[in-house]
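Colleague: Sequence plus the predicted model coming up.
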Amino acid sequence: MKRTFEAAGSSLDDVFKAQVFLTNLTDFDDFDEVWKEYFKVPPARTTIGTSGLLVEGTLIEIDLIGHVSAARSKKQVIKSSNPQPLANYTEAFRVGDLVFPAGQVASDFIDGLAKEAKVDPAFPFYQSAIKKQTRYILNNLKNTLEAAGSGLDHVIKAQVFLVDLKDFFAFDEVWHEFFPTPPPRTTVGTTGLLLDDALIEIDVVAAARS
Amino acid sequence: MKPKIIKSEAPRPLAHYNEGAQVGPWIFPAGQIASDYKTGVAPAARLNPGFPYYGSDIKLQTRYVLENLRKTLAAAGSSFEHVVKAQVFLTDLKNFNGFDEIWREYFPVPPPRTTIGTTGLLVPGTLVEIDLIGYAPGQGVSHRVSTSAAPKPLANYTEAFVVGDLVFSAGQLASDFKSGVPAEAKLSPGFPYYGSEIKKQTHFHSAKFETDLRGGRLEP
């Protein structure tokens, strides 16, 4: 990747968005140790489990987007009041008119699954776990995008990773509340996410307001 | 910049999303599967049940999806020539080769692509979801192919495109595309507990010891 970006007049320092697909999530910690050696300011990152990659024995696929080193608009780090990730990545970057947040799961990065996103164990049948998680994530993404001069109404693309596709319908109901004009979306199943009990990860790209 | 919604003749999604959005020159279609959203897998993307061995499900589905994506792109004044990035989600990686055969018909210069296995897609029977990023020509953005000395992919895709100021790379695996996982990215079989396989693979693309062709120096 370093060579790919250098050949394109860019470098790993100019990468602002990463998607990482792992065949085994227990590899994450080791992966992340190596990652931090390569990125001074780590890109916004989305990491999900995959059921398989195209070459036998491969454990990881890494997908990056960056800008050329001479870009007129260089990436700016975006930080909102949201819980900050534990691992080596940045909440979001703004690059010119586009905003690239990291994929988000329903975590406060303190207790694992955030309290507000948990079903009350005393009333397990009175709430929907997927709806609570979706709502928690979309509220956080709203903060992230607003901190970048954008907003949910400026989302131009979404990718949704679901641990169980049976959660799709309830997820989509909450989605509808947040997006009167819903953006183009890709929804696929994943073998797992980096947080215990996480059912969903949401990854978006947005346009800046001005 | 207010996003514009793209609408074509392609089948309308059942759920809460739009077919595509455009902001400036950038076009973001929704991921597409081979469904007409009426009968599950679209009849045009199904084998004739009387002749189950004539034809290929994955090829029919890939073609159906790409024909719809063609409409989405066209509705935004774009085409496959201006696709700069693709992500492909397959329910069974054995379908990859059939998928890739159709892909090359549609993309003379295939865009950087990332292909991964997924545990499932939203319409039963669908085998592939295709997710593209493109741009509309004539709005100040163009793209060029960029290649480095990194191992060349076996399949139909390009290592990276530079598009305006942005760089879109293909997803990369720790493969030299000759021997699967190369020796540099593997643990020694005699010492399987010494070292970390994932660390070796993560290092592979950037830390492969290779003489830099231009400077004749050793890269880190």
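Modeller: Done, it's in.
Colleague: can we go C-alpha only for contacts and neighbour counts from here?
Modeller: Will do.
Colleague: neighbours around residue 157, how many?
Modeller: You didn't say which chain, so I picked chain A. A:Lys157 sits with 26 neighbouring residues when counted by other C-alpha atoms under 10 Å in any protein chain shown.
Colleague: Chain B is the one I meant
Modeller: B:Tyr157, neighbours per other C-alpha under 10 Å, totals 22.
Colleague: and it, what is it in contact with?
Modeller: B:109-113, B:170 (C-alpha atoms under 8 Å, 6 or more residues apart in numbering or on different chains).
Colleague: Next, format those as JSON lines and append distance to A:Tyr126.
Modeller: Shown next, in JSON lines, are those (distance: C-alpha to C-alpha, whole Å):
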{"residue": "B:Val109", "distance to A:Tyr126": "53"}
{"residue": "B:Pro110", "distance to A:Tyr126": "50"}
{"residue": "B:Pro111", "distance to A:Tyr126": "47"}
{"residue": "B:Pro112", "distance to A:Tyr126": "46"}
{"residue": "B:Arg113", "distance to A:Tyr126": "43"}
{"residue": "B:Ala170", "distance to A:Tyr126": "44"}
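Colleague: Output the longest helix belonging to chain A.
Modeller: Determined from DSSP state H, the single longest helix within chain A is helix A:129-147.
Colleague: same question, chain B
Modeller: helix B:57-75.
Colleague: buried set for that one?
Modeller: Neighbour-count burial for helix B:57-75, counted by 16 or more other C-alpha atoms under 10 Å in any protein chain shown, picks out B:57-66, B:68-75.
Colleague: Please enumerate the helices of chain B.
Modeller: Going by DSSP H, chain B shows helices at B:57-75, B:96-106, B:197-207.
Colleague: Give the other helices and strands that the longest helix of chain A contacts.
Modeller: Here helix A:129-147 touches strand A:98-101, helix A:168-178, strand A:200-207, going by 3 or more C-alpha pairs under 8 Å, 6 or more residues apart in numbering or on different chains; DSSP states H and E.
Colleague: go again using 7 Å as the cut-off
Modeller: Here helix A:129-147 touches helix A:168-178, going by 3 or more C-alpha pairs under 7 Å, 6 or more residues apart in numbering or on different chains; DSSP states H and E.
Colleague: How about the helix it packs on and chain B, any contact?
Modeller: Yes: between helix A:168-178 and chain B, judged by C-alpha under 7 Å from any C-alpha of the partner chain, the touching residues are A:172, A:176.
Colleague: Any chance you could list what contacts that helix?
Modeller: A:130-131, A:134-135, B:15-16 (C-alpha atoms under 7 Å, 6 or more residues apart in numbering or on different chains).
Colleague: Same question for stretch B:130-142.
Modeller: B:25-33, B:76-78, B:82-89, B:163-164.
Colleague: among these, which are in reach of chain A?
Modeller: B:28-31.
Colleague: Reformat those into TSV and put pLDDT and distance to A:His154 next to each item.
Modeller: Formatted as TSV, these follow (pLDDT from 0 to 100; distance: C-alpha to C-alpha, whole Å):
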residue	pLDDT	distance to A:His154
B:Phe28	97	12
B:Pro29	97	15
B:Ala30	97	15
B:Gly31	96	18
